[in-house]
Structure formats: C-alpha cells, structure tokens
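Q: Take this sequence and fold it.
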Amino acid sequence: MKKVVFLVLMSLITIVSFGQFDIRASGGINVLSLTNEHSGATDLSTGSHSQEVHGRLGSDIGGSISFGNRLFIQPGVYWSSFNLNVVTENPSTLVKYENSPKINMIAIPLHVGIRFFDPAKQGLINVRLFVGFTGSHVLSVKDDGFTYSDASRKDQTVTHKKEDYKNMITSFDFGMGVDLGPTFIDAGYKIGISPLFNEPGNHTKASLFYINIGLKLSFFDGKSTSSSSSF
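A: Model prediction:
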C-alpha cells in the first residue's frame, strides 16, 4: 500500500514539475437529479403524509488551479447552491403542500485529465477530458417551509434544516472542457456516491449535470503567457 501511495505521489510531482499551471475562475449552472427519487411517509395520528423530493436548477461559482501540460491535475474550490422541490400530500384528503429548500455547499473537486494538445505549443484552442471526485460540505439550508391546513397538523410549519442533510456528500465526476484563448467552458456530470439525507433508511443520492464558463491565466516557467503568443 505504501508503495502505491509513493508511486502516485511521484507521478503527481512529475506532472507538476514539468508542466505549466493555470489559474481558473468560473461560474455556471447545475441541474440536480436524485438517483432514487425519495418517496417517504410521515406517520400522523390520523394517517400518513407521502412525500416526494425532486431536484431543480442551481448555480456554481469558484476557482481552480491546474498543473501540467497535456497531463494535468486540477484541485478547486466552489460555492454551490442546489435547489429541491418537496411535495407533501395527504393521501386521504389529497391536499398537497410544496416547499423549495435551497442548499448551500462548499464543494472541493479534485480532477485529473488530459489535453488534446500541448498548451506550450498550441495555446489558442484546446480540448480537455477529466475525471475525479468531489467532496461537498453543507453550509446552510434556506427554506420558507409550508404550514399544514388539515386537522391532524393544523398550523404546524415544516421546514428543511441543515441537520436533515449529510455533513459530507461525495461524488464521482467526469466531463469535458474547451479552452479558447483566455476563456474556457466545462461541462460535466457528478454521480452521487454517498446518501444526501440523514434520515435512516433513506439512501437517496444526488447527481447533477453542470456547465461552467470562465477565464484562465496560464503560466510557463513562472511567467504569465497570453494565449495568442503561445503557439
């Protein structure tokens, strides 16, 4: 095991030592989906309420640093907001209640990838493929909630709280990026690995598709290089 870790570290050091590095800042949108659309039931004194949770459009903003020429490693930090739509229904009265909690997270992705062209020789246009993992920590949950009107829970307000979600949510990532001069666009998909909710027995996992657009500054041998002069 120690030999494997040593070889991985030496490989990363080699990539970093002999390549360029880019500072990247970007923002974009994400579309959340739940791998197991949660359908649960809350027992009441006079029956039960069924509940469905679906993902909605969210946003990302942050930055990363990529080290290497054609082969690269890219750690980053992003502020991510995920939005859910929660529908709770009383099956006896068919009365529905909806609320839309907003989940704010700090996401830390670590990707490795390959560029189609050597950026030291072709700096204007490039295409990248990348894979990796992301760990996301829930910072806050904003939810106006809803108030029951049926007799069993009349005037009781229900909201989602930070404690309802896992402290750390992990995902496997893969995607593709295109560099065009000092700008770039990334599109990728994150497959949820760990459950989203703290609720016992609820194994719902969050996956999402995202598109980010940003600006980059490239350095070769410690010097900043404009894309137009790096052929």
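
Q: what's the weakest-modelled helix or strand in the protein?
A: Sorting the helices and strands of the chain by mean pLDDT, DSSP states H and E puts strand 39-44 at the bottom, at a mean of 38.

Q: Can you name the next helix or strand after it?
A: Once the chain leaves strand 39-44, the next helix or strand it forms, by DSSP states H and E, is strand 47-67.

Q: I'd like to know which elements the helix or strand just after that following strand is packed against.
A: Counting by DSSP H and E, the next helix or strand C-terminal to strand 47-67 is strand 71-90. Applying 3 or more C-beta pairs under 8 Å, 6 or more residues apart in numbering; DSSP states H and E, one finds that strand 71-90 contacts helix 2-17, strand 21-34, strand 47-67, strand 95-99, strand 102-115, strand 125-142. The way it works is simple: take the backbone N, C-alpha and C, and place the C-beta from them, glycine included.

Q: Counting by contacts, list what the fifth one packs against.
A: With contacts defined as 3+ C-beta pairs under 8 Å, 6+ apart, strand 102-115 has these neighbours: strand 47-67, strand 71-90, strand 125-142, strand 168-180.

Q: quick one: Ile125 from Asn167, how far?
A: 41 Å (C-beta to C-beta, to the nearest Å).

Q: and what of Ser81?
A: For Ser81, the distance to Asn167 - C-beta to C-beta - is 18 Å.

Q: the more surrounded of the two?
A: Ser81 (19 against 10; other C-beta atoms under 10 Å).

Q: any idea how far Asp118 is from that one?
A: Counting by C-beta to C-beta - Ser81 and Asp118 are separated by 37 Å.

Q: same deal with Ile211?
A: From Ile211 to Asp118 the distance is 26 Å (C-beta to C-beta).

Q: Over to Ile169?
A: Relative to Asp118, and taking C-beta to C-beta, Ile169 is found at 36 Å.

Q: Between these two, which is the more surrounded one?
A: Higher neighbour count among Ile169 and Asp118: Ile169, with 24 against 13, using other C-beta under 10 Å.

Q: So what's the predicted local confidence for Ile106?
A: Ile106 carries a pLDDT value of 95.

Q: where does the protein dip in pLDDT?
A: For the chain, applying pLDDT under 70 flags the ranges 1-19, 36-51, 88-98, 144-160, 221-231.

Q: at 80 instead, please
A: 1-20, 34-55, 84-100, 120-123, 143-164, 197-202, 204, 220-231 (pLDDT under 80).

Q: which stretch among the helices and strands packed on strand 71-90 comes nearest Lys190?
A: strand 125-142 (6.0 Å; C-beta to C-beta).

Q: mind listing what the spatially closest residue to Lys190 that is not a sequence neighbour touches?
A: Spatially, and ignoring its direct neighbours in sequence, Lys190 is nearest to Ser171 (4.0 Å; C-beta to C-beta, 6 or more residues apart in numbering). Neighbouring residues of Ser171 by C-beta atoms under 8 Å, 6 or more residues apart in numbering: Phe133, Thr134, Ser136, Lys190, Ile191, Gly192, Ile193, Ala206, Ser207.
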